[in-house]
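J.: need a structure here:
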Amino acid sequence: MPLKIILLVEDNPDDEALTLRALKKNNIRNEVVVARDGVEALDFLFATGAYADRDIRIMPQVILLDLKLPRVDGLEVLRRLRADDRTKCLPVVILTSSSEEVDIIKSYHLGANSYVRKPVDFEQFMEAVRHLGLYWLILNENPSLL
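T.: Residues are numbered from 1 along each chain as shown. The predicted structure is shown next:
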C-alpha cells in the first residue's frame, strides 16, 4: 500500500499542535510532514532546498494549507501547485481561520478542493479533522501521479 502522507502547511505553532492532536485523537496515523511557511511547502513538494534528496514520486495524499503564511502565502503556494503537472491534481484543503469571502473565492478560483474554517472550539475542530481524514484519506481516490 502506498504511503498516505499528509502535508500540513501551518506557521502558527498552536494551530499546528492543535491539528496534530486532533489527527491523533481521531486515530489518523498517517505520516504528517509539517511545513511552516510557503517556501518550505514548495521545497517539499518539488524536492528542492532542504528536501532536494526527497523521492518526488511520493506525494501527499492531501495538503492542509493555511492561507496566512510567511515568505510565500497559501494562495501563491496553491497557484504554483496547480501550474505544475506533477502537483496539479493533488487534493488541497484550505484550513484557515480566515472567513473573508475574497479568500474563499480566490482559493476555489485557484483550484482548492475544499475550504474549511478552523473552529475555535477544540471539539468542533476535532470533528472537522475526523471528517477530513475520513474523506481525503479513506474514501477519496487520487489519480496515480507516477
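
J.: relative to residue 27, how far out is residue 9?
T.: Distance check for residue 9 against residue 27: by CB to CB, to the nearest Å, it reads 23 Å. C-beta here means a position set from N, CA and C on the backbone, and glycine is covered the same way.

J.: what about these two, which has more around it?
T.: With neighbours defined as other CB atoms under 10 Å, residue 9 and residue 27 compare such that residue 9 has more, 29 against 8.

J.: quick one, phi psi at the more buried one?
T.: For residue 9, the backbone dihedrals (degrees, to the nearest 10) come out as phi -110, psi 100.

J.: buried residues in stretch 45-63?
T.: 45-46, 51, 59-63 (16 or more other CB atoms under 10 Å).

J.: just the ones of those residues in strands?
T.: Mapping the buried residues of stretch 45-63 onto strands (DSSP state E) picks out 62-63.

J.: residue 129: which of the buried residues of stretch 45-63 is nearest?
T.: Comparing the buried residues of stretch 45-63 against residue 129 with CB to CB places residue 62 closest, at 11.4 Å.

J.: now do the contacts for that closest one.
T.: 6-7, 90-93, 132, 136-137, 140 (CB atoms under 8 Å, 6 or more residues apart in numbering).

J.: can you tell me which of those residues has the most neighbours?
T.: In terms of neighbours by other CB under 10 Å, these top out with residue 92 at 26 neighbours.

J.: give the bridge partners for that one, please.
T.: residue 63 (DSSP bridges).

J.: I'd say it and residue 115 touch.
T.: No: the pair residue 92 / residue 115 is not scored as a contact, 9.7 Å apart, by CB atoms under 8 Å.

J.: going along the chain, name the strands of this structure.
T.: Ranges of strands within the chain are 6-9, 32-35, 62-65, 92-96, 114-117, based on DSSP E.

J.: mean pLDDT and distance to residue 20 added to the ones you listed, as JSON lines?
T.: Output for those, formatted as JSON lines (pLDDT from 0 to 100; distance: least, CB to CB, whole Å):
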{"stretch": "strand 6-9", "mean pLDDT": "96", "distance to residue 20": "8"}
{"stretch": "strand 32-35", "mean pLDDT": "97", "distance to residue 20": "6"}
{"stretch": "strand 62-65", "mean pLDDT": "95", "distance to residue 20": "11"}
{"stretch": "strand 92-96", "mean pLDDT": "92", "distance to residue 20": "12"}
{"stretch": "strand 114-117", "mean pLDDT": "88", "distance to residue 20": "16"}
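
J.: fine by me, we can end here.
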